[in-house]
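Chemist: Structure of the sequence below:
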Amino acid sequence: MKIVQIITRSDNIGGAQMHVFDLSKSLMKMGHEVTVIVGGEGPFCELLQEHGIAYRSISHLVRSIRPAADGRAFIEIRRVLKQIQPDLIATHSSKAGWIGRMVGKTLGIPTVFTAHGWSFAEGVPSKQRRIYVIAEKLAAYLATRIVTVSEHDRTLALKHKVSSAKQLVAIHNGIPDIPNLLANPKQNPPHMIMVARFEQQKDHRTLLEALSLVKDLNWKLDLVGEGPLKTEMVKLAQELKLDHQVRFLGECKDVPRMLTQAQIFLLISNWEGLPISILEAMRAGLPVVASDVGGVCETVEDQSNGFLIPRGNVNVLAERIRELIESPELRIRFGAEGRLKFENQFTSKHMNDKILSLYEAITSKSGMRG
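Modeler: As a prediction, the model looks like this:
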């Protein structure tokens with residue numbers, strides 16, 4: 001099968017990019033021909049090239065809405081797809097999803113859109129939510145199937161009548177296992193880590209305010225990532241007198257190895273799909289403290305492999321962090337439960353088998369259009 005994956009951003013290697021990367025590698029190992037179409041030339045392109053994954057860079061494919069650039073991106077992508085002549089197009093992220101689906105429709109190529117967390121999720125500003133619901137309803141007609149990465153997001157799409165139950169399918173994210181890269185949660189003093197971009201979706205402010213309530217304890221925190229809100233958060237850490245306990249590390253290429261040096265993983269957010277970073281933490285055997293948003297509760301079971309925190313609740317977050325800092329035994333138990341859950345539900349094989357089955361059904365003569 002000849003498959004083209006389309007994603008908007010190359011300047012950031014986040015969950016959606018890692019999904020495309022891991023899926024592309026797996027499909028190629030199975031003997032399928034894969035090309036990734038991506039906006040611009042950034043670190044993600046370097047990752048693809050390093051692993052021998054063919055890619056085509058589209059200069060006008062950008063995240064923000066720019067009618068002139070979007071029109072040029074449509075033309076560029078259509079030209080590339082006519083050259084490749086794929087059996088199926090798989091689109092990821094909002095902008096690539098809209099343009100890719102339109103191109104697929106004009107060329108008569110079956111197209112799958114994967115929503116890595118809806119832009120109209122709870123936690124997104126209400127005005128944006130209303131706009132994105134309308135946009136996704138219009139774009140839904142252009143896709144053969146729509147994949148959500150959590151049951152929560154499938155239910156949310158049905159609630160807002162974005163698409164039909166027949167067109168929507170939930171397939172949990174999955175990642176490759178690295179059994180030799182395991183953390184040691186019992187080590188003291190505990191080292192915490194959060195891997196997330198400094199932007200509106202993530203809630204570093206709530207995390208830092210919660211940590212200011214437990215600064216009497218012995219701990220360290222690494223914040224991995226870049227983004228427009230980083231400078232503001234560095235200043236906040238200084239104001240809260242946390243700068244001697246919190247490090248801002250920027251982008252880091254070897255996150256799996258960094259996780260082995262940690263004892264607690266954090267992901268404090270305003271909204272999510274089904275975060276790859278949590279799966280990476282579970283794979284490493286780390287206890288997880290995360291905001292109870294989106295599909296997070298499908299990975300983290302409260303009091304089993306971590307703690308779920310109500311969105312924006314500083315006091316509960318501080319209490320849960322304190323519990324884990326003070327109890328190596330709890331960290332060990334949560335970490336072991338998370339590792340077992342990862343092995344049973346969230347490896348790349350679980351995801352890839354379901355995705356390939358979907359692709360085959362769509363491209364076969366018996367495949368039904370949505």
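Chemist: Could you measure from the spatially closest residue to Lys25 that is not a sequence neighbour over to Cys45?
Modeler: Computed as Cβ to Cβ, 6 or more residues apart in numbering, the closest residue to Lys25 that is not its neighbour in sequence is His51, at 6.3 Å. Glycine gets a C-beta too; all of them are placed from N, C-alpha and C. Between His51 and Cys45 the computed distance is 11 Å (Cβ to Cβ, to the nearest Å).
Chemist: The two: which is more packed in?
Modeler: For the pair His51 and Cys45, the greater number of neighbours falls to Cys45 (19 against 11), based on other Cβ atoms under 10 Å.
Chemist: does the more buried one really touch Gly39, like I thought?
Modeler: No: look at Cys45 against Gly39 with Cβ atoms under 8 Å: they stay out of range, at 9.9 Å.
Chemist: Let me see the contact set for the residue nearest to Phe307 when sequence neighbours are not counted.
Modeler: Nearest residue to Phe307, sequence neighbours excluded (Cβ to Cβ, 6+ apart): Arg320, at 4.1 Å. Residues counted as contacts of Arg320 (Cβ atoms under 8 Å, 6 or more residues apart in numbering) are Val289, Phe307, Ile309.
Chemist: Would you mind pulling the contact partners of the host helix or strand of the second one?
Modeler: Think Phe307. Using DSSP states H and E, the element containing Phe307 is strand 306-309. Defining contact as Cβ under 8 Å, 6+ apart, one finds that strand 306-309 is touched by 265, 268, 287-292, 296-297, 300, 302, 316-317, 320, 323-324, 334, 338.
Chemist: what stretches of this protein score poorly on pLDDT?
Modeler: 365-370 (pLDDT under 70).
Chemist: Let me see the domain layout of this structure.
Modeler: Per automatic domain parsing, the structural domains of the chain span 2-175+348-363, 191-345.
Chemist: hang on, the earlier thing: convert the strand holding Phe307 to PDB, retaining C-alpha atoms only.
Modeler: The C-alpha trace of strand 306-309 is given here as PDB (Å, rounded to 0.1, in the frame of the first residue of the first chain):
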ATOM      1  CA  GLY A 306      -1.100   8.000  39.400                       C
ATOM      2  CA  PHE A 307      -3.300  10.900  40.500                       C
ATOM      3  CA  LEU A 308      -5.900  12.800  38.400                       C
ATOM      4  CA  ILE A 309      -6.200  16.500  39.200                       C
END
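Chemist: So for it, what gets flagged as buried?
Modeler: Across strand 306-309, burial judged by 16 or more other Cβ atoms under 10 Å covers Gly306, Phe307, Leu308, Ile309.
Chemist: and the contacts of Arg320 as JSON lines, adding distance to Leu23?
Modeler: Below are the contacts of Arg320 laid out as JSON lines (distance: Cβ to Cβ, whole Å):
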{"residue": "Val289", "distance to Leu23": "28"}
{"residue": "Phe307", "distance to Leu23": "30"}
{"residue": "Ile309", "distance to Leu23": "30"}
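Chemist: Which parts of the protein are strands?
Modeler: 2-9, 33-39, 54-58, 88-92, 111-115, 145-148, 168-170, 191-195, 220-224, 246-250, 264-267, 288-291, 306-309 (DSSP state E).
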